[in-house]
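J.: below are the sequence and a predicted model; questions follow.
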Amino acid sequence: MRAIVLVGGEGTRLRPLTWRTPKPLVPVLNRPLIEHLLLHLHRHGVRRVTLAMSGRGEAIRRVLGDGSALGLGLDFAYEQRPLGSGGAIAHVGRIWREQGEPAGEPFVVLNGDILTDLDLGAMARAHRARRAEISIGLVRVDDPSAFGVAVLSGAGGRPEEGALIERFVEKPPPGSAPSRWANAGVWIFEPGLLDEMDPDRFHRVEEELFPSLAAAGRVLLGVAHEGSWRDVGTPAAYLEANLELLRSGASEKGELNAGAEGRGPVLVGAGSRVDDGACLEGPAVVGERCWLAPGARVSRSVLWEEVRVAEGASVSGSVLASGSVVGAGACVRGAVLAHGARVPPGARVPEGTSLAPGATFAAGGEDGA
């Protein structure tokens, strides 16, 4: 089976972190988000992947190359203008046909901003057994209003091996969702559906194709997943995804200096300096070539590359992008600092603060741009 990964979005919900780094390249446990997804595909036998992306995708291509380092063959399909999920899938399908690719096999499609351990093999078996046209991975969520929601046939219990979707509603208003089974952003398509999708206009399968197939009584299968799943679309979700992976034992503890203190699961990137007297309270991720000075304290946070936390400064519940600096004695709590942002010595950065790239925190707002 081959796969399409949708990475053409602008990552607006993840700003300010994505002003300078495309969303698929934001680091999760010190490696790009997209690599986690590609390795998951590889573990389930996928060897050919097409990335459907926009002009910013050149940065992704430079990082991933031809995919051989991950054991994959990678192709890149560029959109000249935004096409949405439906247009992007159809655009890739047209490229496959032009290249003479065989069209008889189903293919898997994934959103590029998720982390999951969903069993693609089991999902594919259910897809074949039920002769589905599309199978949709489903996860149970507390608030379905931000997702597409599936209404399943029968009593609505757990669909062990897939249940037919009777109705599909994209992002229902709060309190009106007909179920708690949300679209997980993992789909298996029969190739014939490409003939029903327009490669030249913007459209989303969640808003057009899925509801129309369900309404027509065609075989739209929902396959439940009760394991790990994360939508890494916002800074808060991104932070929690990193911390959850550390808590689950997905990474080993990094190396600390003899006089530094580490509590709980922590990950320290290559070339980073954690001075004597500094403290890392896990779960916490420190990227490559960072510096935590004596007396610095970092807890429940993610630091990207080349971040500096000066003497006596503290960082908690925050995300600090590459090159950001926290001055001596400063306190950063529940904040997001974009690339090269600076917090002056002694400053107190309150929860909810978001600094743009290159900005300097000031008590009344930001200085710089």
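T.: Structure received.
J.: what segments of the protein are helices?
T.: Ranges of helices in the chain, per DSSP state H, are 33-43, 57-64, 84-98, 120-129, 209-215, 235-247.
J.: ok, which of these comes nearest Glu226?
T.: Nearest of those to Glu226, taken as CB to CB: helix 120-129 at 12.0 Å. Heads up, the C-betas are built off the backbone N, CA and C, glycines and all.
J.: check the helices of the chain for me: which has the lowest mean pLDDT.
T.: Lowest mean pLDDT within those: helix 57-64, at a mean of 85.
J.: quick one: low-confidence parts of the stretch 51-200 of the chain?
T.: Low-confidence segments of the stretch 51-200 of the chain (pLDDT under 70): 55-56, 102-103, 154-160.
J.: show me where it has its strands.
T.: 73-78, 107-111, 114-116, 134-140, 148-152, 163-170, 181-189 (DSSP state E, counting those that start in this stretch).
J.: in a markdown table: those strands, plus mean neighbour count.
T.: Shown next, in a markdown table, are those (neighbours: other CB atoms under 10 Å):
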| stretch | mean neighbour count |
| --- | --- |
| strand 73-78 | 17 |
| strand 107-111 | 23 |
| strand 114-116 | 22 |
| strand 134-140 | 24 |
| strand 148-152 | 23 |
| strand 163-170 | 20 |
| strand 181-189 | 25 |
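J.: so which of those strands gets nearest Pro235?
T.: strand 114-116 (15.1 Å).
J.: parallel or antiparallel, list what pairs with that closest one.
T.: Strand 114-116 has the following sheet partners, assigned by DSSP bridges: strand 229-231 (antiparallel).
J.: ok, residues contacting the strand it pairs with?
T.: Contacts to strand 229-231, defined as CB atoms under 8 Å, 6 or more residues apart in numbering, come from residues 113-118, 139, 184-185, 237, 240-241, 244.
J.: a markdown table for the helices of the chain, including distance to Glu161 and mean neighbour count?
T.: As requested, the helices of the chain are exported to a markdown table (distance: least, CB to CB, whole Å; neighbours: other CB atoms under 10 Å):
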| stretch | distance to Glu161 | mean neighbour count |
| --- | --- | --- |
| helix 33-43 | 21 | 20 |
| helix 57-64 | 34 | 16 |
| helix 84-98 | 25 | 21 |
| helix 120-129 | 5 | 18 |
| helix 209-215 | 19 | 19 |
| helix 235-247 | 28 | 20 |
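J.: right, and the ones you listed - which one's nearest Val151?
T.: Of the helices of the chain, nearest to Val151 by CB to CB is helix 209-215, at 8.1 Å.
J.: mind giving me the packing neighbours of the closest one?
T.: strand 134-140, strand 163-170, strand 220-224 (3 or more CB pairs under 8 Å, 6 or more residues apart in numbering; DSSP states H and E).
J.: save these as TSV, and put in distance to Gly334 too.
T.: Output for the helices and strands packed on helix 209-215, formatted as TSV (distance: least, CB to CB, whole Å):
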stretch	distance to Gly334
strand 134-140	26
strand 163-170	31
strand 220-224	34
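J.: looking at those strands, which is closest to Glu207?
T.: strand 163-170 (4.9 Å).
J.: so who does Gly104 touch?
T.: Pro191.
J.: against Glu190, how distant is it?
T.: Counting by CB to CB, to the nearest Å, the gap from Gly104 to Glu190 is 10 Å.
J.: so how many other residues sit close to Ala146?
T.: 14 (other CB atoms under 10 Å).
J.: shouldn't Arg32 be in contact with Val26?
T.: One thing to correct before we go on: residue 32 is Pro, not Arg. Yes. Using CB atoms under 8 Å, Pro32 makes contact with Val26 at a distance of 7.2 Å.
J.: and these two? Which one has more around it.
T.: Val26 (23 against 19).
J.: do you know which of the helices and strands packed on helix 209-215 lies nearest Cys279?
T.: So among the helices and strands packed on helix 209-215, strand 134-140 is nearest, using CB to CB, at 35.7 Å.
J.: give me the distance from the closest one to the chain's centre.
T.: 17 Å (CA atoms, centre = their mean, to the nearest Å).
J.: C-alpha coordinates for it, PDB please?
T.: The C-alpha trace of strand 134-140 is given here as PDB (Å, rounded to 0.1, in the frame of the first residue of the first chain):
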ATOM      1  CA  ILE A 134     -13.400   4.700   2.300                       C
ATOM      2  CA  SER A 135     -12.400   3.800   5.800                       C
ATOM      3  CA  ILE A 136     -12.000   6.500   8.400                       C
ATOM      4  CA  GLY A 137     -10.000   6.100  11.600                       C
ATOM      5  CA  LEU A 138     -12.000   7.300  14.600                       C
ATOM      6  CA  VAL A 139     -11.100   8.400  18.100                       C
ATOM      7  CA  ARG A 140     -13.400   9.200  20.900                       C
END
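J.: what separation is there between Pro350 and His36?
T.: Taken as CB to CB, the span from Pro350 to His36 is 32 Å.
J.: quick one: the spatially most central residue of the chain from Leu39, how far?
T.: The chain has Asp113 as the residue nearest its centroid, 2.7 Å off, counting by CA atoms, centre = their mean. Separation of Asp113 from Leu39 (CB to CB): 16 Å.
J.: swap in Gln80?
T.: According to CB to CB, Gln80 stands 30 Å off from Leu39.
J.: ok, Pro345 next?
T.: 41 Å.
J.: alright, calling it a day.
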